[in-house]
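K.L.:
I'll drop the sequence and a predicted model, then ask my questions.
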Amino acid sequence: MAKKAKKAAKPRKANAAFMKPVTPSAALAEVVGSKGIPRTEVTKKLWAYIKKNGLQDKKNKRMINADDKLKAIFKKSAVNMFEMTKLVSKHLS
């Protein structure tokens, strides 16, 4: 039996829209920094902050319990991880 030759995998291109630097609002800058960074980095830094400060709900890991800095961004004391990205996008320009 002859084996089929596999096509060479094309390197995946990063989506330019995700890589474009965005400027965080003053409230978000307290958590992720004030210089322009890509959206992907904003999310990474936000999760690093959440994990460092133990803000993930112990029973339901999808829920984030906001501290004072995050309440300024979310406008509520707890959000789920999917809602978080929507609320954070309002703080990026």
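P.N.:
Received, thanks.
K.L.:
Now for the residue most central in space within the chain: which residues touch it?
P.N.:
Nearest to the geometric centre of the chain sits residue 43, at 1.6 Å (C-alpha atoms, centre = their mean). Neighbouring residues of residue 43 by C-beta atoms under 8 Å, 6 or more residues apart in numbering: 85, 88. All C-beta atoms are positioned from the backbone trio N, CA, C, and that covers glycine.
K.L.:
element containing it?
P.N.:
Using DSSP states H and E, residue 43 falls within helix 39-52.
K.L.:
ok so, going back, roughly how far does the residue nearest to the centre of the chain sit from residue 92?
P.N.:
If you measure residue 43 against residue 92 using C-beta to C-beta, to the nearest Å, the figure is 11 Å.
K.L.:
Over to residue 84?
P.N.:
13 Å.
K.L.:
Between those two, tell me which one has more neighbours.
P.N.:
Remark: of residue 84 and residue 92, residue 84 carries more neighbours, 21 against 16, as counted by other C-beta atoms under 10 Å.
K.L.:
what residue ranges in the protein score low on pLDDT?
P.N.:
1-15 (pLDDT under 70).
K.L.:
Test my guess that residue 38 contacts residue 17.
P.N.:
No - with contacts counted by C-beta atoms under 8 Å, residue 38 stays clear of residue 17, the gap being 9.4 Å.
K.L.:
all strands of the protein, in order?
P.N.:
63-65, 78-80 (DSSP state E).
K.L.:
Now do the last one: which elements does it pack against?
P.N.:
Judged by 3 or more C-beta pairs under 8 Å, 6 or more residues apart in numbering; DSSP states H and E, strand 78-80 is in contact with strand 63-65.
K.L.:
Good, wrapping up.
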